[in-house]
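# Just need the structure, nothing else, for what follows:
(2 chains)
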Amino acid sequence: EDQVTQSPEALRLQEGESSSLNCSYTVSGLRGLFWYRQDPGKGPEFLFTLYSAGEEKEKERLKATLTKKESFLHITAPKPEDSATYLCAVQAVDSSYKLIFGSGTRLLVRP
Amino acid sequence: DTGVSQDPRHKITKRGQNVTFRCDPISEHNRLYWYRQTLGQGPEFLTYFQNEAQLEKSRLLSDRFSAERPKGSFSTLEIQRTEQGDSAMYLCASSFSPYNEQFFGPGTRLTVL
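Predicted structure coming up:
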């Protein structure tokens, strides 16, 4: 069964303290891995798509990487406005394009 | 604004009542998805449309749930005889083939009393 596990469940950082979020996945065949940001009471906001091992994507202070079993979201010198829940999802090649999500990592960045 | 829109944003209902939610996808997006999200969890897939055809429904989806996309544009999700366990955020997303990125709306928060 396709599955996504994210760790840690929650992470508290000081402003400027870099860290990484982990997304481990098992899927029959990977079509794509997606990272989203979600603020409280809002819908997920698309960040990145990764398709193959070794691929990297960057946006401002965020960098996403992909291996055959996991993905990392690296946050460099975070700011309080980076506080949110970060969701990882996979899409399998034999699926109907549905996304299978992990439970997310709740990030709090303190000033 | 050309993003995904959902209506209503909040719905409070009594157990046993029927409710209907609407989703307007991004213009020209031919794929539309419904997800459900409960507190502390990631979104869970409910159903998927390509144009007006409903191509997949989750095994977990009760027969009290029905969705339509009559002209391949907006979609509705109806829940009949609501139960307290139906309380959740209902999210709609759309994408444009052949691209895989899905863009989400703000969600409809359902509370069943």
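# Can you give me the distance of whichever residue of chain A sits closest to chain B to A:L21?
Across chain A, no residue is closer to chain B than A:F101, which sits at 3.0 Å (CB to the nearest CB). The way it works is simple: take the backbone N, C-alpha and C, and place the C-beta from them, glycine included. Here A:F101 is placed at a distance of 14 Å from A:L21 (CB to CB, to the nearest Å).
# Now B:L113: closest residue in space that isn't a chain neighbour?
In this structure, B:L113 finds its nearest non-sequential neighbour in B:K14, 5.4 Å apart by CB to CB, 6 or more residues apart in numbering or on different chains.
# Can you report how many residues neighbour the one you found?
Counted with other CB atoms under 10 Å in any protein chain shown, the neighbours of B:K14 add up to 8.
# contacting residues for it?
Shown in contact with B:K14 (CB atoms under 8 Å, 6 or more residues apart in numbering or on different chains): B:T82, B:V112, B:L113.
# what secondary structure does the residue of chain B most remote from its centre sit in?
Most distant residue from the mean C-alpha position of chain B: B:P98, 21.4 Å away (CA atoms, centre = their mean). Counting by DSSP: H, G, I helix; E, B strand; the rest coil, the backbone at B:P98 sits in coil.
# For it, give me its contacts.
So B:P98 contacts nothing (CB under 8 Å, 6+ apart).
# picking that back up, quick check on the residue nearest to B:L113: phi, psi?
phi -90, psi 150 (degrees, to the nearest 10).
# just A:K63 next, same as before
Phi and psi for A:K63, reported as degrees, to the nearest 10, are phi -140, psi 130.
# For it, give the beta-bridge partners.
A:E58, A:H74 (DSSP bridges).
# Point out where chain B drops to low pLDDT.
B:1 (pLDDT under 70).
# who's in contact with the residue of chain B found nearest chain A?
Distances between chain B and chain A by CB to the nearest CB are smallest at B:G42, namely 3.0 Å. B:G42 makes contact with A:V4, A:L87, A:A89, A:F101, A:G102, A:S103, A:G104, according to CB under 8 Å, 6+ apart.
# Show the pLDDT at the closest residue to it other than its chain neighbours.
With CB to CB, 6+ apart as the criterion, B:G42 has its nearest non-adjacent residue at 3.0 Å, and that residue is A:F101. The model reports A:F101 with a pLDDT of 98.
# again with the one 3 residues further on
We have a pLDDT of 98 for A:G104.
# Thanks again, I'm all set now.
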